[in-house]
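Asker: Just the structure for this:
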Amino acid sequence: MADLLGSILNSMEKPPSVGEKEKKLAKERKAKLEKMKEDDRKRKNAFREKIEERINAFINDSKETRLKLENMDKMCRSIVHDIADVAGLTSFSFGLTDDERYVMLFKKEYAPTDDELEAYRRGEEWNPEIAKEKARLKELEEAELSSTSKKEKFVPATNYRDKYKKLIGEESAKEAAHNLTPNKQFGFGEF
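Answerer: Next up is the predicted model:
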């Protein structure tokens, strides 16, 4: 058996050996990849520092309640969300496609309403005066609906007592209610 295995292994070709040229190319590729990673890390750190400065200026400006940032890719948006979370701000991303998405920051004491967030998600600009008018109209509509529902009382079309009078009779239901003796079949004995 060992001779068979040995003869098979001897008949096979040896794996190709890596020459100096291939080793040099692999080393260059590795160095190029490391350089790309380092450049990307530097670019992200520079972006982070720039955003931190903008957010600090936003926090220190007492007149501003929200900050809309420019469109950015997913990685940059995640960096902004991290910085905003550390700074104690509320952050949301809006936009339909990935290249149109942007981040909007809100100070915690001026958190956005659900209607405001829905407007931003639809791609509309938020206008508080229009929102107040819509809310007022909605309240009037709800008040009108509740007042009309109070006026209409539900009255059944038939009387259930009359419907079942033929089946149980008028007096049998009253007699059954007065009969309060224990039932032996359910385990209640005589007391």
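Asker: C-alpha from now on. contacts and neighbour counts both.
Answerer: OK.
Asker: which regions of the chain lie under the pLDDT threshold?
Answerer: 1-2, 148-154, 160-161, 163, 168-191 (pLDDT under 70).
Asker: Helices of that one, residue ranges please.
Answerer: Taking DSSP state H as the criterion, the chain contains helices spanning 2-11, 20-60, 74-87, 114-121, 128-151, 160-168, 172-178.
Asker: My understanding was that Thr90 contacts Glu109; is that so?
Answerer: No: Thr90 lies out of contact with Glu109 (Cα atoms under 8 Å); the separation is 9.6 Å.
Asker: Out of the helices of the chain, the one nearest Leu96 is which?
Answerer: Closest to Leu96 of these is helix 114-121 (Cα to Cα; 8.0 Å).
Asker: now, of the helices of the chain, which is deepest in the fold?
Answerer: Compared across the helices of the chain, helix 74-87 shows the largest average neighbour count, a mean of 16 (mean count of other Cα atoms under 10 Å).
Asker: Just the CA trace of that one, in PDB.
Answerer: This file holds the C-alpha atoms of helix 74-87, laid out as PDB (Å, rounded to 0.1, in the frame of the first residue of the first chain):
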ATOM      1  CA  LYS A  74     -22.300  56.000   4.600                       C
ATOM      2  CA  MET A  75     -19.000  56.000   6.400                       C
ATOM      3  CA  CYS A  76     -19.000  59.800   6.900                       C
ATOM      4  CA  ARG A  77     -22.600  59.700   8.100                       C
ATOM      5  CA  SER A  78     -21.700  57.000  10.700                       C
ATOM      6  CA  ILE A  79     -18.800  59.200  11.900                       C
ATOM      7  CA  VAL A  80     -21.200  62.200  12.300                       C
ATOM      8  CA  HIS A  81     -23.700  60.100  14.200                       C
ATOM      9  CA  ASP A  82     -20.900  58.900  16.600                       C
ATOM     10  CA  ILE A  83     -19.700  62.400  17.200                       C
ATOM     11  CA  ALA A  84     -23.300  63.700  17.700                       C
ATOM     12  CA  ASP A  85     -24.000  60.900  20.200                       C
ATOM     13  CA  VAL A  86     -20.900  61.700  22.200                       C
ATOM     14  CA  ALA A  87     -21.800  65.500  22.100                       C
END
